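**Q** my questions are about this predicted structure, shown below with the sequence.
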There are 2 protein chains.
Amino acid sequence: MLLETKNSTGLLGVSPTGIAPTIDDVALHASVSRQTVSNVLNAPDRVRPETIQRVRLSIDTLGYRVNRNARNLRTGTSKVVAYRIPPLAGRLNSVMDTFLHEMTEALELIGYHVLLFTSDSATGEIDTYRELAAQSAIDAVIFAGTERQDQRPERLVASRVPFVSFGRTWGSLNHSWVDVDGRAGTRTAINHLLASGHRRFAWLGSTTGSVVKDERELGVRETLQAAGVPAADLHVLNLVDEPNTDRRLVSAVLDLPNPPTAFVSMSDLQALTVLSELDSRSIVVGRDAAVVGFDDSPIAAYAGGGLTTIRQPITTVTRELARLLKNQLTDPSSKPEGVLLEPELIVRRTG
Amino acid sequence: MLLETKNSTGLLGVSPTGIAPTIDDVALHASVSRQTVSNVLNAPDRVRPETIQRVRLSIDTLGYRVNRNARNLRTGTSKVVAYRIPPLAGRLNSVMDTFLHEMTEALELIGYHVLLFTSDSATGEIDTYRELAAQSAIDAVIFAGTERQDQRPERLVASRVPFVSFGRTWGSLNHSWVDVDGRAGTRTAINHLLASGHRRFAWLGSTTGSVVKDERELGVRETLQAAGVPAADLHVLNLVDEPNTDRRLVSAVLDLPNPPTAFVSMSDLQALTVLSELDSRSIVVGRDAAVVGFDDSPIAAYAGGGLTTIRQPITTVTRELARLLKNQLTDPSSKPEGVLLEPELIVRRTG
DNA sequence: TTCAGTAATTTGAACGATAAAATGGAACGA
DNA sequence: TCGTTCCATTTTATCGTTCAAATTACTGAA
């Protein structure tokens, strides 16, 4: 029987000196070996029930908590996932904020934590992932906002850093991702507006040519085409995320001889600009015009008496991401998997 | 000279097997002892310049990165700070999102990372702090949204977990904090509105009786009183963060015989409700009425052609928090410090 | 040339945990 | 009775780093 210890204070109960008890202290207190204590925590099936109970009691009495650094060092794992908190850039990015919260929660359920970092450039981002992984500070990476020519999957695979992404990458590389089908989202919105009798449309995208935008725009175009709406009756506006400019762009479309009556936009914030312009022209939204936003951010419930919008199922997104990540980290033979989720049209006053 | 190593692959350059090089590999490669490599990284002044150069070269050649878990275990520190990501609760909480981003950045500058976690209850929050600290997964805690009877400072001190807070706690306990003087903020706003000729006011707070709200309301009251505005000309509205209810409350005030012309609110979102009500009554904001928000969230730039609002200096807040935290962690004799910062009135179209 | 004093480097131990192998007993069938 | 199997537990080795102490190398003065 092991009766020596490195740290023992010779005291029962929580040491008043503030020195944290170690596994050796627990072993001594419970009159078992260090390894048995470890087994109680990590493989209780190997230990006799009464021994477990005795060790548990000692753990509680001493207030023992496993030292993560020691465990991590030995096991070569950290149970931490890196996430790059996206630059503010003045934008209202409520989906990403919700995502971060839900992701943190979903990862906690599988025993992981989120470690944040910032970085401006894409190269800096990947370097940081590699750096943190090389330091074994993280086990994996989660990233969002994928682009068509996204370098990250390829380079992370090359660096052997496990990852999952919120967003497809449309690349040849096979990796695990979860995405929301924006195309299906706008398709649903357009169908809804068609059913409400609208025949002249406007699509408000952003100038940055992202895949996300392209997909959503595609949903608009294909649905209108299928419904026989002439191409001339779809006005495409590329907003620049600058209040005054955007307002002018919207204003210009409304000044046309036959202005659109139904507006579908990439974000709730853009929808807000439309609402405000319509208001100032005394066009009654919900009756004479319809506006549909995207994301169902908190402002959506307030704007214009309730903004109709396309909600992304973020809770499901994060739960799936956590599942895929766990698969990847625990089962090396697991295959990459892509999950495409349908967004939901939330109908309120404006459409 | 040390010529043995535990991990050496016997290869030059980055091992193709994916096994990360250790400090021993570097030592072997540079023909120095393990400790010298460590000194190059942690105390270069103890090493001869040419030795440094040789070791650095080996580090680069092998692609060595220090193993954080091993370092943390040995030094008893993790260079990680815990932050509880606040519950969503449907609210638009853009200040807290900005705060998190800036905090991450500010901490990176002093060599720390942010570890996220969630928790519903206040007790759960403190337990998690203690748990993470006991596991030596974190060195300290940062929290925000302090309340008058905040338990956290007291309990964290009792648990010997270092911390700083965004927000005063108004308790007797002396600890390090940074806060924004909301009272001064509304004071500035009211003075601005008085100068613009307004004489009848409305203050829009929230029902939750937070200290933050009380302070801001105090700024309104005291400034109006000092200016000789009769108490009857200040209407206090306690909004509930539910669009329809809030709209009705605002509407009721506007239906009064002598309705207020100047509105100051706790958040930009509340200001949005006012703007929308004023719009629907064809009251021209900026001419016949003034609306001032709080926080300068991204919507502020869009709403009503530009919402006048009170901006919190978040960048300074986080920089100061990082400074105070570093003091506390590096210099045990440092005294707690409170920093109170002035917010800034951003004048736009609505006021 | 020697020696003290300092600078540079190395050695040995420790941080706190888990993996893998070894040990001791009880249960069992031959 | 003996060997075998199985279970519970202990022993030994190791993860990769830094600390503290010991050793070696260098410098300059006597």
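**A** Thanks, I have the structure now.
**Q** can you pull out the strands in the stretch 251-351 of chain A?
**A** A:262-265, A:290-294, A:308-311, A:338-341, A:344-346 (DSSP state E, counting those that start in this stretch).
**Q** so for B:Asn258, which of the ones you listed sits nearest?
**A** strand A:290-294 (35.0 Å; C-beta to C-beta). C-beta here means a position set from N, CA and C on the backbone, and glycine is covered the same way.
**Q** partners of that closest one, with directions?
**A** strand A:262-265 (parallel), strand A:308-311 (parallel) (DSSP bridges).
**Q** now A:Asp127: which helix or strand?
**A** Taking DSSP states H and E as the criterion, A:Asp127 maps to helix A:122-134.
**Q** ok, A:Gly205 next?
**A** Counting by DSSP H and E, A:Gly205 is found in strand A:201-206.
**Q** who does that strand pair up with?
**A** Under the criterion DSSP bridges, strand A:201-206 sits next to strand A:234-239 (parallel), strand A:262-265 (parallel) in its sheet.
**Q** tabulate those (TSV), appending mean neighbour count and mean pLDDT.
**A** TSV is the format used below for the strands paired with strand A:201-206 (neighbours: other C-beta atoms under 10 Å in any protein chain shown; pLDDT from 0 to 100):
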stretch	mean neighbour count	mean pLDDT
strand A:234-239	18	96
strand A:262-265	29	98
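**Q** can you list phi and psi of A:Ser31 for me?
**A** Its backbone dihedrals place A:Ser31 at phi 60, psi 50, with angles given as degrees, to the nearest 10.
**Q** distance check, it against DNA strand D.
**A** Here the criterion is C-beta to the nearest atom of the strand, to the nearest Å. By it, A:Ser31 lies 7 Å from DNA strand D.
**Q** burial of that residue, as a residue count?
**A** Neighbours of A:Ser31 under the rule other C-beta atoms under 10 Å in any protein chain shown: 14.
**Q** returning to what we had before: what residues sit buried inside the helix or strand following the helix holding A:Asp127?
**A** Going down the chain from helix A:122-134, the next helix or strand is strand A:140-144, by DSSP H and E. For strand A:140-144, the neighbour count (16 or more other C-beta atoms under 10 Å in any protein chain shown) marks A:140-144 as buried.
**Q** pull the most distant pair out of these.
**A** Comparing the members of the buried residues of strand A:140-144, the greatest separation, given C-beta to C-beta, is between A:Ala140 and A:Ala144, at 14.2 Å.
**Q** can you name the residues that contact the residue lying closest to A:Leu239 once chain neighbours are set aside?
**A** Counting by C-beta to C-beta, 6 or more residues apart in numbering or on different chains, A:Leu239 lies nearest to A:Asp246, which is 4.5 Å off, once chain neighbours are set aside. A:Asp246 makes contact with A:239-240, A:270, A:273, according to C-beta atoms under 8 Å, 6 or more residues apart in numbering or on different chains.
**Q** again, only this time at 7 Å
**A** Applying C-beta atoms under 7 Å, 6 or more residues apart in numbering or on different chains, we find A:Asp246 in contact with A:239-240, A:273.
**Q** wait, is it part of a strand?
**A** No. Per DSSP: H, G, I helix; E, B strand; the rest coil, A:Asp246 lies outside any strand segment and is helix.
**Q** SS state for the closest residue to A:Ile59 other than its chain neighbours?
**A** Nearest non-adjacent residue to A:Ile59, counting by C-beta to C-beta, 6+ apart: A:Val26, 5.6 Å away. Here A:Val26 is helix, with the state taken from three-state DSSP.
**Q** what about A:Val26, how many neighbours?
**A** Neighbours of A:Val26 (other C-beta under 10 Å): 28.
**Q** report the buried residues of stretch A:258-278.
**A** A:259-278.
**Q** tabulate the CA atom coordinates of that stretch in PDB.
**A** The C-alpha coordinates for stretch A:258-278 follow below in PDB (Å, rounded to 0.1, in the frame of the first residue of the first chain):
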ATOM      1  CA  ASN A 258     -43.500  50.400 -61.500                       C
ATOM      2  CA  PRO A 259     -41.700  49.800 -58.200                       C
ATOM      3  CA  PRO A 260     -41.400  46.400 -56.600                       C
ATOM      4  CA  THR A 261     -43.900  45.700 -53.800                       C
ATOM      5  CA  ALA A 262     -42.100  42.700 -52.300                       C
ATOM      6  CA  PHE A 263     -38.600  43.000 -50.800                       C
ATOM      7  CA  VAL A 264     -36.500  40.100 -49.700                       C
ATOM      8  CA  SER A 265     -33.100  40.900 -48.100                       C
ATOM      9  CA  MET A 266     -30.000  39.200 -46.900                       C
ATOM     10  CA  SER A 267     -30.400  40.500 -43.400                       C
ATOM     11  CA  ASP A 268     -32.800  42.100 -41.000                       C
ATOM     12  CA  LEU A 269     -30.800  45.200 -40.900                       C
ATOM     13  CA  GLN A 270     -31.100  45.700 -44.600                       C
ATOM     14  CA  ALA A 271     -34.800  45.100 -44.300                       C
ATOM     15  CA  LEU A 272     -34.900  47.900 -41.700                       C
ATOM     16  CA  THR A 273     -33.600  50.300 -44.300                       C
ATOM     17  CA  VAL A 274     -36.400  49.300 -46.700                       C
ATOM     18  CA  LEU A 275     -39.000  49.600 -43.900                       C
ATOM     19  CA  SER A 276     -37.900  53.100 -43.100                       C
ATOM     20  CA  GLU A 277     -37.900  54.200 -46.700                       C
ATOM     21  CA  LEU A 278     -41.400  52.800 -47.300                       C
END
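**Q** and that stretch, how far from the chain's centre?
**A** Once both centres are worked out by C-alpha atoms, centre = their mean, to the nearest Å, stretch A:258-278 turns out to sit 26 Å from its chain's centre.
**Q** equivalent analysis for stretch A:36-56, please.
**A** That offset, for stretch A:36-56, works out to 38 Å (C-alpha atoms, centre = their mean).
**Q** which residues touch it?
**A** A:23, A:26-27, A:30, A:32, A:66.
**Q** tell me the two of the residues you listed that are most distant?
**A** Among the contacts of stretch A:36-56, A:Val32 and A:Val66 lie farthest apart (C-beta to C-beta), at 16.0 Å.
**Q** and the residue in the stretch 201-350 of chain A positioned nearest to DNA strand C, how many neighbours?
**A** Among the residues of the stretch 201-350 of chain A, A:Thr330 lies nearest to DNA strand C; the distance is 12.7 Å by C-beta to the nearest atom of the strand. Around A:Thr330 there are 9 other residues, counting by other C-beta under 10 Å.
**Q** do A:Lys79 as well
**A** 18.
**Q** excluding chain neighbours, give the residue nearest to it in space.
**A** A:Lys79's closest residue in space is A:Tyr112 (C-beta to C-beta, 6+ apart), at 5.2 Å.
**Q** quick one: that neighbour and A:Val81 touch, right?
**A** Yes. A:Tyr112 lies in contact with A:Val81 (C-beta atoms under 7 Å); the separation is 5.3 Å.
**Q** so these two - more neighbours on which side?
**A** Using other C-beta under 10 Å, the more surrounded residue of A:Tyr112 and A:Val81 is A:Val81, with 27 against 23.
**Q** from DNA strand C, how far off is that one?
**A** From A:Val81 to DNA strand C the distance is 20 Å (C-beta to the nearest atom of the strand).
**Q** spatially, and excluding backbone neighbours, which residue is closest to the residue positioned nearest the centre of chain A.
**A** Residue closest to the average C-alpha location in chain A (C-alpha atoms, centre = their mean): A:Phe99, at 3.6 Å. Nearest non-adjacent residue to A:Phe99, counting by C-beta to C-beta, 6+ apart: A:Ile314, 5.6 Å away.
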